[in-house]
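Student: Build me a structure from this.
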Amino acid sequence: MHYQESRGLIVPVQIAGHPALELCNTWAGWDEPSTPRSDFLRTFDHVVVVAELAGLVDSDVADRLMRRTGREPAAALDALDRVRRWRRDLHDVVLGQASAATTARVADTVAGAHAHRRLRLDGRSGAWSLTGTDLDRPLRAFAVAAGDLLTSGDAEHVSACPGEHCGWMFVDHAGRRRWCQMAVCGNRAKARAHAARARR
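Tutor: Modelled structure (predicted):
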């Protein structure tokens, strides 16, 4: 199964192994013509839920963002559009398919997101957190995660599922994983190959 339900919304199952890639995996069929089922980010609330499931916003922030969506529907649509456009840019950068302009946009968004980080100290230890509950909070959270991915060794181990209407990405350190989920894309490919052999 490629999807799950959370907060009453249908969103992708998270299989990527990194929160930044979970954003890219809200689109199915990257190199194919789009269909009504291609985009899991149908509303801004879907963005919030995906970020929450990826561990990038907590439930309190998610609640506040979803309430704000109801109060500011036009602004929420604009924020959704920004996330969708940046998702495409990030996808291309991670797979090494980006133009110089696309790479610059991703880098600028990551840098801008870091400007909203604050170090919260508890004695001699601390943790980074993002501030604010404006509608760009999920995008900034994904951008910070993307910066972490792109500056780590994980970036060299990202693969894309070759399944039909898929293209979901995942971290594959062992280099042996082909499918996003063997039970979904892998079995579908096996079934198509078996049918083709039967026809021959």
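Student: Go through the protein and flag its longest helix.
Tutor: For the chain, the longest helix by residue count, based on DSSP state H, is helix 73-94.
Student: Quick check: what element follows that helix along the chain?
Tutor: helix 100-114 (DSSP states H and E).
Student: What mean pLDDT does that next one get?
Tutor: Confidence for helix 100-114, expressed as mean pLDDT, is 97.
Student: Just name whatever secondary elements the longest helix of the chain is in contact with.
Tutor: Counting by 3 or more CB pairs under 8 Å, 6 or more residues apart in numbering; DSSP states H and E, the packing neighbours recorded for helix 73-94 are helix 19-24, helix 44-53, helix 100-114, helix 137-150. Bear in mind the C-beta positions are built from the backbone N, C-alpha and C, glycine included.
Student: So which of those helices is the most surrounded?
Tutor: Neighbour counts (mean count of other CB atoms under 10 Å) averaged over each of the helices and strands packed on helix 73-94 peak at helix 19-24, with a mean of 26.
Student: And it, what does it pack against?
Tutor: Judged by 3+ CB pairs under 8 Å, 6+ apart, helix 19-24 is in contact with helix 44-53, helix 73-94, helix 137-150, strand 169-171.
Student: Residues contacting that helix, please?
Tutor: Outside helix 19-24, the residues that touch it by CB atoms under 8 Å, 6 or more residues apart in numbering are 12, 14, 16, 50, 53-56, 83, 87, 90-91, 94, 142, 145-146, 148-149, 158, 168-171.
Student: what do you get for stretch 152-163?
Tutor: Stretch 152-163 has contacts (CB under 8 Å, 6+ apart) with 17-18, 21, 30, 94-95, 149, 167-173, 175, 177-180, 184-186, 188-189.
Student: I'd like the mean pLDDT over that stretch, please.
Tutor: Model confidence over stretch 152-163, given as mean pLDDT, is 94.
Student: what's the answer for stretch 5-12, then?
Tutor: The average of the pLDDT scores along stretch 5-12 is 96.
Student: and what of stretch 72-79?
Tutor: Mean per-residue pLDDT for stretch 72-79: 98.
Student: Including distance to residue 120, could the helices and strands packed on helix 73-94 go into JSON lines?
Tutor: As requested, these are exported to JSON lines (distance: least, CB to CB, whole Å):
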{"stretch": "helix 19-24", "distance to residue 120": "20"}
{"stretch": "helix 44-53", "distance to residue 120": "19"}
{"stretch": "helix 100-114", "distance to residue 120": "15"}
{"stretch": "helix 137-150", "distance to residue 120": "15"}
